[in-house]
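Chemist: Here is a sequence with its predicted model. Questions after.
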Amino acid sequence: MGNALILKEIRNHLLSFRFVAVFALLLIIVPVTVLILTNDTIRKQDEFSRRQADIQNYLTQYAHFNRLGSVISPSQPPLPLQALVLGLSAAPRLDTFSNDPLPVLFPLIDLTFVLGILMSLAALIFSYDAISGEKEDGTLKLMLANGVPRAKVVLAKIVGGTVILWIPFLVSLAVGLIFLLLHPRISWTGSDWGALVMLLAGAFIYIGLFVGLGLLVSARHASSSSSILTCLFLWVLFVLVVPNLSPYVASLIRPAPSIIEVNRQIDQIEDKDRDDLGRKLSREKSEAVIKANPVLANVDRMSEPEVKAEIARNVDFARSYDLYRKENEAAWREANVIQGAKSKIIRADLALKEKAQTKFSVALSMVSPLAALTYLCADLTNSGAKNQAHFLTISRAFWDSYEAYMRPKMEEMRRANPTADVWNIPADVHDMPRFVYKEEPLSGRIKGVLVPLAVLFGMALGVFVAAVLSFNRTDAR
Amino acid sequence: MIKTIVRKEIAENLLSYKFFIVILLAAVLIFTSLFVMARDYRGRAADFQIIQPKPGEPIAVLPPNPLSIFAKGLEDSITRSYELSFIGIETRTGRSSTNNVFAFFPAPDFVYLVKVVLSLVALLFGFDRISREREAGTLKLTLANSVSRGTLLFGKWLGNLVSLAVPFFLITGIGLAVLHLNPSFRMPASGYGRLALILLLSLIYLALFLSLGLFISAITRRSATSLVVLLLIWALTVFVLPNTGTLIARQIVEVPSSRAITEKRNQIWTREILLAMSDRGHHMDHIRTLTGEIDQLEEGYRNKIDQLVRLAKTLNRISPAAGFVYTATEIAGTGIGEESRLKSDIVRYKTQVLDGGTLENNKAPVFHYTYRSIGDVMSAGGLFDFAWLLVFNVVFFAAGFVAFIRYDAR
């Protein structure tokens, strides 16, 4: 019986105008999007390898430790899955003067957009009259006269509606993927395919959720024309507005200090205040040393050559002067430590508040299924927040290994040439560690998307239960 | 006659479920958006008091723009802190730069609501105006009276526009009044003129979707079909088409990524510093080469971007939503044109500071920037967009008229 109901749904839709219209639209948009994004990815890959070559070139010619760090600063290579999901890789960058303003006004479209906005709208178009329409046609009472449980009808309609929506989507995606995979420069690994399958599984639940929502609304309305209005109302609210509002609302409830302000504070603490403190400490300490060692009585008024001459002449002076110098250095070290601790507290406070705000924004936005789907797609394809954190971790590891390489290397250079300023002379760095970006393994990514997946599933289940309950009370006449 | 038709349309709207739910949606969203964006603005205004450069600091920061409550546009980019140094211009952003949820979804400002939500509302006002009356049988009754089809169509258009525009202005007006209850909200007098222009542009944009709705309603027999067609056209117009121009333009004009520019800059810097160290006598020459090359690099990038933006803008106008957003943000002072003008002013400021030698001794002159006047915005493409949206209106209405004349009213 269940199969018969599902088949009936599928047949019903297959012949409808909306099916043809949605199919035509998807068949154009999905392959064109994939094609353009594929070209874009390849272009980005070309640029990336050019940039790597440039860096290599500079390293062989102009490497010196003073500015080496800024040249080898790690950067994220473009990934093959970005031909499907852009995620944060297309987000506007505000940290450089030269930036591209276009994506702020019109965010680029990708598979997330097609699934999140077009497909959810299509799902509602397919299901807004699933019950009210049958009631208007008079077929609903005939069907129920056959003794079919109402829950089964609802389930069959959701499954049938979701399956019929997936046919056009999967066909258009397949066309797009043919373009993508036939391209000689793009090669997908097993984990890329795994990510795609997981993504589609999440999207399947998402679409089922919207089909169920249409059904729920349809069961509560007497006429299809008011049912579609309520559907659109909910769709606009949850898909187009809630995700956009959530970070703003979150920043009102969990404010974080301005980064510019914090940076200025830190500059003040680590620069001006540190100098003041350092001078004060070194004065105190040197006064103590001078008191204990009368030979140093005039040291503050002596010029450098005079001090040198005095050291060569007077052994006692040399010993005391050494102590004096050490105490001075210790004073500045102490000042650095004290001020460093102060700025560390401010930095930690900023990081804590920012993290709390971001977490809250994410939680708030997940009231909308679109946000859950967006995070799911981005994190699975390594273009989301999780990948940013992952990138930061491996960059840190790289900097640590660089640090471990740099110190002995500079020591070695100092030994070879004791008078040289080893920061600012050419260095041979052919054996230095290189940054290699490694994607997070698929299992880790899947673990990361369990939350949005659970949210989607919970919502879908809730909508299904609500639809069954509403349909149970629907007057079929 | 036309008065009767308009009144009938308005009366019908007022009593319908559609009107109720649509106005509820518009009211909730506009109020929420204004409240949230105004709070965001106030937060940024408070930050500005702290981050303002001290006299002599070579830093350019603009105060936040009150109109960004309505059209956020590129405000985040415009109100960055631009800090000068001899290797170029460093930028720092204030709040919200690490909360990446901001980057996932566009800002829910007034312009976004009009572009996406209210355009859908306008479609819903128009989609079943003709096909439903045919289904209900009232169309033939109306036409049996001696009323021309043109008059009937225009009456319907006008009646629906009025029932859309009056609540729209009312809600916005109330929202604006509530904003003023907060004493810290201050907008210059010219701001109201700009806001009025944005509202006018919004109305033209919404009328266009109403005309489109009537047109599609006149070529379909059933209102359900008309709705499906309209929703798909709407999704294309609002989300997909405004991108095509950008995508095509990117295939034609190749622009390097901003990361590439940063890396290049660091490389030039590294090279010149190393050369300067081994060539102590000519230290300043190397600094000059360094500054010159970086300036050239950045200028080349900006030229490329300008070229890309010009092309993309022209192509994107295939969708009325693009024209609407461009001009609404330009009028508010948060548009692409304003941002690019500010950047050239900052580059000029940098030259002035470097040439005057005031960078090192912290005696830099204060940076001044005045936003373009409305006249400038209008002549730089704004007027064209107004006209362009009107053309869409006329075309859709004319198409609707032609379709309606041939419509079988039975």
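Modeler: Yep, that arrived.
Chemist: ok, and the closest non-adjacent residue to A:S282?
Modeler: A:A331 (3.8 Å; CB to CB, 6 or more residues apart in numbering or on different chains). To be clear about C-beta, it is placed using only N, CA and C from the backbone, and glycine gets the same treatment.
Chemist: Could you name the helices and strands sitting against the one helix or strand the one you found maps to?
Modeler: In the assignment (DSSP states H and E), A:A331 maps to helix A:315-365. Judged by 3 or more CB pairs under 8 Å, 6 or more residues apart in numbering or on different chains; DSSP states H and E, helix A:315-365 is in contact with helix A:242-253, helix A:259-267, helix A:274-292, helix A:304-313, helix A:369-380, helix B:101-104.
Chemist: those strands in chain B, which residues are they?
Modeler: Applying DSSP state E to chain B gives strands spanning B:59-61, B:81-85, B:88-92.
Chemist: Now for residue 247, how many residues are close by?
Modeler: If you meant another chain, say so; for now it's chain A. Using other CB atoms under 10 Å in any protein chain shown, A:P247 has 28 other residues around it.
Chemist: Correction: the question concerned chain B.
Modeler: 19.
Chemist: That one and chain A, how far apart?
Modeler: 5 Å (CB to the nearest CB, to the nearest Å).
Chemist: Give the closest residue to that residue in space, chain neighbours not counted.
Modeler: A:I36 (5.2 Å).
Chemist: now A:G212
Modeler: Per CB to CB, 6+ apart, closest to A:G212 is A:V463, 4.0 Å.
Chemist: pLDDT score assigned to the one you found?
Modeler: On pLDDT, A:V463 comes in at 95.
Chemist: Enumerate every residue touching the closest residue to B:A403 other than its chain neighbours.
Modeler: Among residues not flanking B:A403 along the chain, B:A218 sits closest, at 3.9 Å (CB to CB, 6+ apart). Contacts for B:A218 (CB atoms under 8 Å, 6 or more residues apart in numbering or on different chains) come out as B:130-131, B:153, B:400, B:403-404, B:407.
Chemist: Output those residues in CSV; the columns should cover pLDDT.
Modeler: CSV is the format used below for those (pLDDT from 0 to 100):
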residue, pLDDT
B:I130, 83
B:S131, 82
B:L153, 90
B:G400, 92
B:A403, 91
B:F404, 90
B:Y407, 85
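Chemist: Switch those over to a markdown table; also include neighbour count and distance to A:R414.
Modeler: Formatted as a markdown table, these follow (neighbours: other CB atoms under 10 Å in any protein chain shown; distance: CB to CB, whole Å):
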| residue | neighbour count | distance to A:R414 |
| --- | --- | --- |
| B:I130 | 29 | 87 |
| B:S131 | 23 | 86 |
| B:L153 | 24 | 88 |
| B:G400 | 28 | 83 |
| B:A403 | 18 | 85 |
| B:F404 | 21 | 89 |
| B:Y407 | 20 | 91 |
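Chemist: residue ranges with poor pLDDT in chain B?
Modeler: Scanning chain B for pLDDT under 70 picks out B:95-97.
Chemist: Now the phi/psi pair for residue 129, please.
Modeler: Since you didn't name a chain, this refers to chain A. Main-chain torsions, A:D129, degrees, to the nearest 10: phi -110, psi 20.
Chemist: hm, I was asking about chain B
Modeler: phi -60, psi -40.
Chemist: what about the helix or strand that contains A:G214, distance to the chain center?
Modeler: Using DSSP H and E, A:G214 sits within helix A:190-220. Its chain's average C-alpha position is 22 Å from that of helix A:190-220, according to CA atoms, centre = their mean, to the nearest Å.
Chemist: Only the buried residues of that helix, if you could.
Modeler: A:191-192, A:194-196, A:198-199, A:202-220 (16 or more other CB atoms under 10 Å in any protein chain shown).
Chemist: Near chain A, which residues of the stretch 251-400 of chain B are found?
Modeler: B:251, B:254-264, B:266-267, B:269-271, B:273-275, B:277-278, B:298, B:301-302, B:305, B:308-309, B:312, B:316, B:322, B:325-326, B:329, B:336, B:339-340, B:343, B:346 (CB under 8 Å from any CB of the partner chain).
Chemist: From the residues you listed, list just the buried residues.
Modeler: B:255-264, B:266-267, B:269-271, B:273-275, B:277, B:298, B:301-302, B:305, B:308-309, B:312, B:316, B:322, B:325-326, B:329, B:336, B:339-340, B:343, B:346.
Chemist: Mind checking which of those are in helices?
Modeler: With helices taken from DSSP state H, the overlap with these comprises B:258-264, B:266-267, B:269-271, B:273-275, B:277, B:298, B:301-302, B:305, B:308-309, B:312, B:316, B:322, B:325-326, B:329, B:336, B:339-340, B:343, B:346.
Chemist: give the contact list for the residue nearest the centre of chain A.
Modeler: Closest residue to the average C-alpha location of chain A: A:A385 at 2.3 Å, with CA atoms, centre = their mean. Neighbour list for A:A385: A:88, A:358, A:362, A:375, A:378-379, B:100 [criterion: CB under 8 Å, 6+ apart].
Chemist: just those residues: which has the poorest pLDDT?
Modeler: B:N100 (83).
Chemist: If you tally nearby residues, what's the number for that residue?
Modeler: With other CB under 10 Å as criterion, B:N100 counts 19.
Chemist: One more: A:R50?
Modeler: Close neighbours of A:R50, defined as other CB under 10 Å, add up to 12.
Chemist: now swap in the one 10 residues further on and tell me
Modeler: The number of residues packed near A:T60 is 11, by other CB under 10 Å.
Chemist: ditto for the one 10 residues further on
Modeler: Here the count is done by other CB under 10 Å, and A:S70 has 14 residues near it.
Chemist: tell me the contacts of the residue lying closest to it once chain neighbours are set aside?
Modeler: In space, and not counting its chain neighbours, A:S70 is closest to B:N266: 4.5 Å by CB to CB, 6+ apart. The contact partners of B:N266, taken as CB under 8 Å, 6+ apart, are A:67, A:70-71, A:73.
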